[in-house]
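K.L.:
what follows is a protein structure lacking sequence information:
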């Protein structure tokens, strides 16, 4: 079931839902979440920045999220899935994923002030283009709460599973569509092209 034309259009709809929300900045989760976040930041006239979190893929199924890693190198894990797959130690995977998180941070945020100081005591609108398992979003929420932020989560579409994982960790959650049947985020968009590193940098350098 296609709901949204593309990420930009979903961002505009979310911005309308957020127009009465008091916030200090908008954070997108790269890569696709930055496109949605950019539209919200423009519509609400708020600063745009990013928070890089990345999922830990299962050894034989990279698309299956065992958890996710945040900018501090802290991991949020799906312990039930680890037990089911009989995986007891993923320290090596966590370290590898954190290296990629740092690479992206250096590329996207190299000239920007530290994120931890930026979000301290701020109301943050956290944005992604959708939540399937919720792992990367949950890692971002945990990081932001750890660094003193109030988190308002804004996502176009989310699975019930992801919502259940994250509902107790945010001050406010705005989801446009939460279907019972959920395979992948892309199934709800007519246009869902990959977003490149270069495009993320362009969005962040855009001056309103």
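P.N.:
Sure thing, it's come through. Note that the structure is a prediction, hence the values are computed from the model and not measured.
K.L.:
please count neighbours and contacts with C-alpha atoms only from this point.
P.N.:
Will do.
K.L.:
moving C-terminal of the longest strand seen in the chain, what's the next helix or strand?
P.N.:
Longest strand in the chain, counting residues (DSSP state E): strand 150-157. Using DSSP states H and E, the helix or strand that follows strand 150-157 in sequence is helix 160-166.
K.L.:
can you list contacts of that following helix?
P.N.:
Helix 160-166 is contacted from outside by 131-135, 138, 178-180, using C-alpha atoms under 8 Å, 6 or more residues apart in numbering.
K.L.:
those strands in this structure, which residues are they?
P.N.:
25-28, 48-50, 54-57, 65-69, 75-77, 123-127, 150-157, 172-177.
K.L.:
who does the longest one pair up with?
P.N.:
Partner strands and pairing direction for strand 150-157 (DSSP bridges) are strand 123-127 (parallel), strand 172-177 (parallel).
K.L.:
centroid-nearest residue for this structure?
P.N.:
residue 29 (3.6 Å; C-alpha atoms, centre = their mean).
K.L.:
picking that back up, list of residues touching the longest strand of the chain?
P.N.:
Contacts of strand 150-157 (C-alpha under 8 Å, 6+ apart): 10-11, 14, 121-131, 141, 144-145, 170-178, 185, 188.
K.L.:
show the model's pLDDT score for the residue of the chain most remote from its centre.
P.N.:
Largest separation from the mean C-alpha position in the chain: residue 86, at 27.6 Å (C-alpha atoms, centre = their mean). On pLDDT, residue 86 comes in at 87.
K.L.:
what's the answer for residue 206, then?
P.N.:
Note for residue 206: predicted pLDDT of 64.
K.L.:
which ones are touching residue 173?
P.N.:
Residues counted as contacts of residue 173 (C-alpha under 8 Å, 6+ apart) are 152-154, 167.
K.L.:
dig out what it forms beta bridges with.
P.N.:
Bridge pairing for residue 173 - DSSP bridges - gives residue 153.
K.L.:
which elements pack onto the longest helix along the chain?
P.N.:
The residue-count maximum for a helix in the chain (DSSP state H) belongs to helix 91-109. Here helix 91-109 touches strand 54-57, strand 65-69, helix 197-205, going by 3 or more C-alpha pairs under 8 Å, 6 or more residues apart in numbering; DSSP states H and E.
K.L.:
touching it from outside, list them.
P.N.:
Defining contact as C-alpha under 8 Å, 6+ apart, one finds that helix 91-109 is touched by 50, 52-56, 69-71, 73, 75, 197, 200-201, 204.
K.L.:
before I go, just wanted to say thanks for your time.
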